[in-house]
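Asks: quick check, what structure comes out for this input:
(chains A and B)
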Amino acid sequence: SQTIHQWPATLVQPVGSPLSLECTVEGTSNPNLYWYRQAAGRGLQLLFYSVGIGQISSEVPQNLSASRPQDRQFILSSKKLLLSDSGFYLCAWNRDSEETQYFGPGTRLLVL
Amino acid sequence: AQKVTQAQTEISVVEKEDVTLDCVYETRDTTYYLFWYKQPPSGELVFLIRRNSFDEQNEISGRYSWNFQKSTSSFNFTITASQVVDSAVYFCALLILTGGGNKLTFGTGTQLKVEL
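Replies: Have a look, this model is predicted:
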């Protein structure tokens, strides 16, 4: 079976500090990978998606970037965090042949 | 552009009551998929159901049932005999296949509180 991991689970960072969130999928190969952010208003916003190694598509221009160094690894980064980067970050995956996305446990980020 | 509207921000019911969560979607595409996800307090989104635009058959899974009506662009979710464990935020989502990744459009969610 497939599982998706995210770490860290919780993170408190000062404004201006760098960020690196990691997402890893097990039990499948060549998944599509996604980063979403959920702000306090509960809506989910797609930030980035990737259909293969080194292939990143950005949905919303912002302070964040994403990378996919390995087939089942997806990284969300920032060089300098802003207060507005606070939120709940969710990683998701799906098989290219399927429509359903499966989500990880999420990372709660608080920027102070 | 696609849009999903969940007009009910919060619903409170007493255990064993039936409750319906509304979802209205907008799209010009004829092929699309609709989803419901549950987000318990832990935060993880749990997949509940997927429906494609060509399958209007209603579905029942235990206490859960879904009513898909293309004529009104709605995909409503009913929980029968609600339980405290059903307390969560429920999201409706719409998917249009674009050929490069599957981009889900989410509604803003409905917070369901089931009390004893």
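Asks: from now on I want contacts and neighbour counts done on CA atoms only, so please keep to that.
Replies: Will do.
Asks: and for B:S61, the neighbour number?
Replies: A count of nearby residues for B:S61, using other Cα atoms under 10 Å in any protein chain shown, gives 10.
Asks: near chain A, which residues of chain B?
Replies: Counting by Cα under 8 Å from any Cα of the partner chain, the positions of chain B adjacent to chain A are B:33, B:42-47, B:50, B:95, B:100-104, B:106-109.
Asks: now B:A7, nearest residue through space, not along the chain?
Replies: B:D22 (7.1 Å; Cα to Cα, 6 or more residues apart in numbering or on different chains).
Asks: ugh, typo on my part, it should be A:L33
Replies: A:W93 (4.5 Å).
Asks: just A:E22 next, same as before
Replies: A:I75 (4.7 Å).
Asks: please apply the same query to A:T28.
Replies: In this structure, A:T28 finds its nearest non-sequential neighbour in A:Q2, 6.3 Å apart by Cα to Cα, 6+ apart.
Asks: over to that neighbour: give its phi and psi.
Replies: phi -100, psi 140 (degrees, to the nearest 10).
Asks: in chain B, where is pLDDT below threshold?
Replies: Applying pLDDT under 70 to chain B flags residues B:99-101.
Asks: just the helices in it please.
Replies: Here chain B has no helices by DSSP state H.
Asks: who's in contact with the residue nearest to B:V84 when sequence neighbours are not counted?
Replies: Excluding its sequence neighbours, the residue lying closest to B:V84 (Cα to Cα, 6+ apart) is B:V114, at 4.9 Å. By Cα atoms under 8 Å, 6 or more residues apart in numbering or on different chains, the contact list for B:V114 reads B:12-15, B:82-87.
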